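# I would like the atomic coordinates for the input below:
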Amino acid sequence: MSKHGRVLVAMSGGIDSTVTAMMLHEQGYEVIGITMKTWDYANSGGSKKETGCCSLDSINDARSVAVNMGFHHFIVDIREEFGDYVIDNFVDEYMAGRTPNPCILCNTHIKWDSLLKRADAMDCEFIATGHYAIRNQLNDRYYISKAVDRHKDQSYVLWGLTQECLQRTIFPLGPYTKTEVRQMAFDAGYTDLSKKGESYEICFVPDNDYRGFLKRRVDGLEERVAGGNFIDTAGNVIGQHDGYPFYTIGQRKGLGKGFGRPVYVTHINPETNTVTLGDAEDLMRNGLTAYKLNSMKYAELPHNVETVTKIRYNDPGVMAILRNLGETAEVEFLANVRGVAPGQSAVFYEGDDVIGGGIISTGSLSKSEPSA
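Residues are numbered from 1 along each chain as shown. Alright, predicted model coming up:
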């Protein structure tokens, strides 16, 4: 009988999940490893060799670690449920003129649900991942706090986890820096893993060509959206583009030439197939509206309180007033923020603690938006 119980560890074959399993094994947990096959890149038609957590090499690395440490390891195929939800949403969001964050959606609706389902089937009390985050508890509520290593902190991508998920999740790496984790792997004899690079691409778009991915997923897409207009912030036509799904808010590169100055995508209108270009200052927003809310630290998101709000993973955050309106929340920035993108996540912090988050539906403008 194990000292602390049985834990199902999500293993990608990388250094973080390997050290996670190693730490829990050494602490006396009965560890069971699981690797989830979420995507078969060979079927996507991309140009880059399959890499990352779904590659055969990564699966073999995870199994080798389990064999070396002496615990069971399983491979679970969740490609169908992943594709139906995450990939379909990814395509739908771009077709709606928004910019999705599939990793957050996958965490919230696929990986944790899959882990809990398998944990129950294997009589595991806990699940564990290699995310850099800290789980805390306030009375009967569980919530995420920032990791010690601020450069690796992943609290932003975990805002959607439910109380059921958090109650049973362990994040062993939260109190450590990446440098310390690499040293642990090296000291344990995993010298190759300690030097292994990290992948930052979307797992099903490892060549980073999301345009190509959309073209392969949506029949006749290029013909359907070709010939749309670039307009300026006054609504004047200033050029033609390749189709609105191929642009994102804040984009500067790949817009073509002849505008006479640096310009940025400030608005996307799928109904008219128009893309608005403006100056950097035209990206500034004084607030946003969010939906699909999840309250984490408290039973309900607070109303009319100051929070630090992050609108993207690497965003340092800005002070803002959060107003909980029930189905939606309004955020008023205390200083204008650049590049609020519908489809991305807004995450609300109280100090280091995540109090909740939501999906950005609109950004409140510092200037009026064109009618097109």
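# Put the alpha carbons of the helix or strand where Ala320 lies into PDB.
Using DSSP states H and E, Ala320 sits within strand 318-324. The C-alpha atoms that make up strand 318-324 are tabulated as PDB, following Å, rounded to 0.1, in the frame of the first residue of the first chain:
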ATOM      1  CA  VAL A 318      -3.000  45.500 -16.000                       C
ATOM      2  CA  MET A 319      -5.000  46.800 -13.100                       C
ATOM      3  CA  ALA A 320      -8.700  46.800 -13.900                       C
ATOM      4  CA  ILE A 321     -12.200  47.000 -12.500                       C
ATOM      5  CA  LEU A 322     -14.100  43.600 -12.800                       C
ATOM      6  CA  ARG A 323     -17.900  43.800 -12.900                       C
ATOM      7  CA  ASN A 324     -19.700  40.400 -12.700                       C
END
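# Okay, now the sheet partners of it, with direction.
strand 305-310 (antiparallel), strand 329-338 (antiparallel) (DSSP bridges).
# TSV please, covering those strands and showing mean pLDDT and distance to Leu193.
Yep, even glycine has a C-beta here, placed from its N, CA and C like the rest. Below are these laid out as TSV (pLDDT from 0 to 100; distance: least, C-beta to C-beta, whole Å):
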stretch	mean pLDDT	distance to Leu193
strand 305-310	97	30
strand 329-338	95	38
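# Of those strands, give the one that comes closest to Gln137.
strand 305-310 (20.1 Å; C-beta to C-beta).
# how far out from the middle of the chain is the closest one?
19 Å (C-alpha atoms, centre = their mean, to the nearest Å).
# Would you mark the buried spots in it?
Neighbour-count burial for strand 305-310, counted by 16 or more other C-beta atoms under 10 Å, picks out 307-310.
# one step back: gap between the strand holding Ala320 and the chain center?
For strand 318-324, the distance to the chain centre is 21 Å (C-alpha atoms, centre = their mean).
# Just the residues contacting it, thanks.
Applying C-beta atoms under 8 Å, 6 or more residues apart in numbering, the external contacts of strand 318-324 come out as 287, 293, 300-309, 329-335, 337, 348.
# try it again with 6 Å
For strand 318-324, the surrounding residues in contact (C-beta atoms under 6 Å, 6 or more residues apart in numbering) are 301, 303-305, 307, 309, 330-335, 337, 348.
# ChimeraX command for the buried members of those?
Those of those that count as buried under 16+ other C-beta under 10 Å are selected in ChimeraX with:
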select :301,307,309,330,331,333,337,348
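# Tell me the one of the contacts of strand 318-324 nearest His73?
Phe348 (37.5 Å).
# Tell me the spacing between that closest one and Val331.
Distance of Phe348 to Val331, given as C-beta to C-beta, to the nearest Å: 8 Å.
# hmm, back to that, nearest to Tyr142, out of the strands paired with strand 318-324?
Here strand 305-310 is closest among these (C-beta to C-beta), at 18.8 Å.
# can you list the residues that contact the closest one?
Contact with strand 305-310 is made by 156, 317, 320, 322, 331, 346-349, as judged by C-beta under 6 Å, 6+ apart.
# can you put those in CSV and add distance to Ile127?
Formatted as CSV, those follow (distance: C-beta to C-beta, whole Å):
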residue, distance to Ile127
Tyr156, 20
Gly317, 28
Ala320, 33
Leu322, 30
Val331, 32
Ala346, 27
Val347, 22
Phe348, 25
Tyr349, 24
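# helices and strands of the protein: which one bottoms out on pLDDT?
helix 191-194 (a mean of 75; mean pLDDT, DSSP states H and E).
# Any chance of a markdown table for the buried residues of strand 305-310, columns distance to Arg141?
Listed next are those as a markdown table, based on distance: C-beta to C-beta, whole Å:
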| residue | distance to Arg141 |
| --- | --- |
| Thr307 | 16 |
| Val308 | 19 |
| Thr309 | 20 |
| Lys310 | 21 |
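# Outline the domain layout of the protein.
The chain breaks down by automatic domain parsing into domains covering 6-194, 223-278, 284-365.
# ok, and Arg135, which helix or strand is that part of?
In this assignment (DSSP H and E), Arg135 forms part of strand 134-138.
# quick one: Gly228 from Met296, how far?
To Met296, Gly228 is 40 Å away according to C-beta to C-beta.
# Tell me how many other residues crowd the nearest residue to Ala299 once chain neighbours are set aside.
Of all residues not flanking Ala299 in the chain, Arg141 sits nearest, at 7.0 Å (C-beta to C-beta, 6 or more residues apart in numbering). When neighbours are counted by other C-beta atoms under 10 Å, Arg141 registers 16.
# Please apply the same query to Leu115.
Around Leu115 there are 25 residues (other C-beta under 10 Å).
# what's the answer for the one 5 residues further on, then?
Residues contacting Asp120 under the criterion other C-beta under 10 Å number 12.
# Pull the contacting residues for Trp159.
347, 354, 357.
# By neighbour count, sort out the buried ones in those.
Counted by 16+ other C-beta under 10 Å, the contacts of Trp159 give 347, 354, 357 as buried.
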